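# show me the folded form of this:
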Amino acid sequence: MAKSINQVIIMGRLTRDPEMRTTPTGKTVTSFSLAVDRQGSDDTADFFDITAWEKLGELVNQYLSKGRRCLVQGRLRQESWDDKESGKKRSRVAVVASDVTFLDGPSGDEGGSSAAPKSSNSSSKKNDDVVIEDTDDKPIDLSEIPF
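Sure, this is the predicted structure:
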């Protein structure tokens, strides 16, 4: 029998600022939603509610805000409840994030170029020039290689 798969990858813009709260057991959970433009359509989008737990949710709350782009990987979860006002049964499908990639830089620039961490080998370090001397064309003796 085939194994079941529940995986989703979506990319879009946050429709509102993330909201972080703490459960009675002390875990943090962050809720946000994404608008994903439909292919070939200018004015329509699909909207997805997303939850991110603990450290991932804290990072989302810290670095994302309304209008910022991100890519979310996760699983779909069916939720159902009784509406307190109307008494009707309600349901929705939400995304539980397992990974969130921030696509905009700190100032909202596309491509995230300024959000990329600086390399540890920055150009401000002093580079020692290495001079390679001419080598002869003698064959290499494999017994001299230490590994």
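
# which stretches of this structure have low pLDDT?
41, 106-140, 145-147 (pLDDT under 70).

# what ranges do the strands span in it?
8-14, 19-22, 28-37, 45-53, 69-82, 89-102 (DSSP state E).

# which of the ones you listed sits closest to Glu144?
The minimum distance between Glu144 and the strands of the chain falls on strand 89-102, with 47.4 Å, by C-beta to C-beta. Every residue, glycine included, has its C-beta placed from N, CA and C.

# partner strands of the closest one, with direction?
strand 45-53 (parallel), strand 69-82 (antiparallel) (DSSP bridges).

# pull the distance from it to the chain's centre.
Put simply, strand 89-102 sits 13 Å off its chain's centre (C-alpha atoms, centre = their mean, to the nearest Å).

# for it, which outside residues touch it?
Applying C-beta atoms under 8 Å, 6 or more residues apart in numbering, the contact partners of strand 89-102 are 8, 10, 48-53, 56-57, 59-60, 63-64, 68, 70-83, 112, 115.

# can you list the strands of the chain in CSV and add distance to Leu142 and mean neighbour count?
Listed next are the strands of the chain as CSV, based on distance: least, C-beta to C-beta, whole Å; neighbours: other C-beta atoms under 10 Å:
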stretch, distance to Leu142, mean neighbour count
strand 8-14, 49, 16
strand 19-22, 61, 12
strand 28-37, 58, 18
strand 45-53, 54, 17
strand 69-82, 47, 14
strand 89-102, 46, 14
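
# out of those, which gets nearest to Ala2?
Of these, nearest to Ala2 by C-beta to C-beta is strand 69-82, at 17.3 Å.

# for Tyr63, what are its contacts?
Contacts here follow C-beta under 8 Å, 6+ apart; on that basis Tyr63 touches Phe102.

# for Ala45, same thing?
Ala45 makes contacts with 12, 35-38, as judged by C-beta under 8 Å, 6+ apart.

# then Arg75?
Contact criterion C-beta under 8 Å, 6+ apart gives 6-8, 95-96, 98 as the residues in contact with Arg75.
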